[in-house]
Structures are given as structure tokens and as C-alpha cells.
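Asker: Turn this into a structure:
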Amino acid sequence: QVHLVESGGGLVQAGGSLRLSCVVSGRAFSWYAMGWFRQAPGKEREFVAAISRTGFSANYSDSVKGRFTASRINARNTLFLQMNSLKPEDTAVYYCNAGPSTEAISEMLGLYGAWGQGTQVTVSS
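Answerer: Alright, predicted model coming up:
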């Protein structure tokens with residue numbers, strides 16, 4: 001079982017930036033593609049970003065492309081999401097998870113971990 005702990009959320013004004021972190025338990029972090037997801041009030045959880053095992057490739061949802069950047073440090077079992085030019089519609093609880101590939105993660109298929117508590121991001125207008 002993959003154990004995930006997200007952090008780094010907060011309240012920020014529109015146009016601001018935040019950097020989220022996700023620490024993953026175990027020694028197999030470098031075996032996993034990783035992803036970020038979010039769930040806004042009253043909406044289903046949605047895909048945000050996926051990054052390959054090596055960190056050399058990533059893909060993003062259209063709504064965040066060009067503003068968000070996923071990265072990872074395998075030696076620290078840590079995943080990051082740099083969020084710039086934040087908009088009120090980015091307000092949500094953000095979650096991370098692991099999967100077999102960036103393609104599967106983007107479809108929210110075959111995810112390995114139980115969902116963590118997430119981290120709240122609130123963007124004021």
C-alpha cells in the first residue's frame with residue numbers, strides 16, 4: 001500500500017503562487033509515475049498533472065497547462081506541484097497518488113494508493 005501525505009496548501013490571492021508537496025512512504029517511489037488531482041466543493045475529483053518515473057516527462061490538464069509544473073525528487077520520495085498565476089477556479093483540495101504510467105494517471109486508472117487527507121488551496125479574487 002502506498003501512503004501519501006500532501007502539504008503546502010493555503011490561502012492566496014488570484015495571480016499568486018503556491019508550491020505543494022507530497023511525501024510517499026516506502027522504497028519504491030522511483031518505480032511509480034505520480035500524479036496530482038483536485039476536488040472542488042460539489043464536484044468530482046479531477047486529474048491535474050502527471051509526471052513520469054524519472055521526472056523527464058509530464059502532462060497536464062488543459063485548465064492548468066502553462067501555469068502548473070510537476071516535479072519530483074526520487075531520493076527524497078517527494079513530489080511537488082508548483083502553481084503559478086492561480087485563479088479562483090483553482091480552489092480545491094489537492095491530492096497526490098501513484099500509478100503505472102502518466103497515461104493511466106491522466107485517466108485516473110490503476111492508481112496505487114489510498115487517497116490521503118489532501119491539502120486545501122483557496123484562491124481569492
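
Asker: Got phi/psi on residue 89?
Answerer: phi -70, psi 0 (degrees, to the nearest 10).

Asker: what's it in contact with, if anything?
Answerer: 40, 63, 123 (CB atoms under 8 Å, 6 or more residues apart in numbering). To be clear about C-beta, it is placed using only N, CA and C from the backbone, and glycine gets the same treatment.

Asker: so the last one sits right up against residue 91, yeah?
Answerer: The one in question is residue 123. Yes: the pair residue 123 / residue 91 is scored as a contact, 5.1 Å apart, by CB atoms under 8 Å.

Asker: Give me the phi and psi for residue 88.
Answerer: phi -60, psi -30.

Asker: residue ranges of the strands in the chain, please?
Answerer: With strands called from DSSP state E, the chain shows them at 4-7, 10-13, 18-24, 33-39, 46-51, 58-60, 68-73, 78-83, 92-99, 119-124.

Asker: who's residue 11 bridged to?
Answerer: Using DSSP bridges, the beta-bridge partners of residue 11 come out as residue 122.

Asker: can you count the residues close to it?
Answerer: The local packing of residue 11 (other CB atoms under 10 Å) involves 12 other residues.

Asker: do residue 42 as well
Answerer: So residue 42, with other CB under 10 Å, has 5 neighbours.

Asker: What distance do you get for it to residue 92?
Answerer: Remark: distance between residue 42 and residue 92 (CB to CB, to the nearest Å) = 11 Å.

Asker: Is it possible to get a markdown table of the contacts of residue 89 that adds distance to residue 34, pLDDT and neighbour count?
Answerer: Output for the contacts of residue 89, formatted as a markdown table (distance: CB to CB, whole Å; pLDDT from 0 to 100; neighbours: other CB atoms under 10 Å):
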| residue | distance to residue 34 | pLDDT | neighbour count |
| --- | --- | --- | --- |
| 40 | 21 | 97 | 14 |
| 63 | 19 | 97 | 14 |
| 123 | 23 | 98 | 20 |
